[in-house]
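fold the stuff below for me.
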Amino acid sequence: MRVILSHGGGFLPYAAYRFSGLTSTVVDREREAEDILRDLKRFYFDTALSASPSALPALLSFAEPGHVLYGSDWPFAPQDAGTYYNHFLENYPDYAPGQAEAIDRGSAEAPFPRLAR
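Residues are numbered from 1 along each chain as shown. All right, here's what the predicted structure looks like:
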């Protein structure tokens, strides 16, 4: 099953190493931190209202390549809110080659194969 976490995964990209480190050292010493991180990175993440200058770099450094999808939060968020966050997404200066295009559409082709047609 593929799961898309909205709003950039919320707190998850920021706290994933805290979760994995504490789980493997305090909660369940049988689990390896890297295994927990691998499981957390299997999620897909959308960018709805989450492309701010502090949130987007955290998301992009955490998520697996191809696991960040465009999201707008339409019709729930007002258009002005989407425009505000789209500006950050469109003007982010540190994308890897092809990463912006993948977020815009290409990455959605894996969880939604009919988009590839």
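
skipping adjacent residues, who's closest to residue 42 in space?
residue 64 (7.5 Å; CB to CB, 6 or more residues apart in numbering). C-beta here means a position set from N, CA and C on the backbone, and glycine is covered the same way.

separation between that neighbour and residue 107?
Distance check for residue 64 against residue 107: by CB to CB, to the nearest Å, it reads 10 Å.

settle it for me: which of those two has more neighbours?
Neighbour totals were compared for residue 64 and residue 107, and residue 107 leads with 24 against 14 (other CB atoms under 10 Å).

OK, contacts around that one?
44, 66, 67, 68, 69 (CB atoms under 8 Å, 6 or more residues apart in numbering).

pick the one among those residues closest to residue 22.
residue 67 (23.5 Å; CB to CB).

now the residue nearest the centre of the chain: phi and psi?
In the chain, the centroid-proximal residue (CA atoms, centre = their mean) is residue 45; its distance is 3.2 Å. Here is the backbone geometry of residue 45 (degrees, to the nearest 10): phi -130, psi 130.

quick check, it in contact with residue 60.
No: between residue 45 and residue 60 there is no contact under CB atoms under 8 Å: 9.5 Å.

which other helices and strands contact the one helix or strand residue 39 maps to?
According to DSSP states H and E, residue 39 maps onto helix 33-40. In this structure, helix 33-40 makes packing contacts with helix 12-22, judged by 3 or more CB pairs under 8 Å, 6 or more residues apart in numbering; DSSP states H and E.
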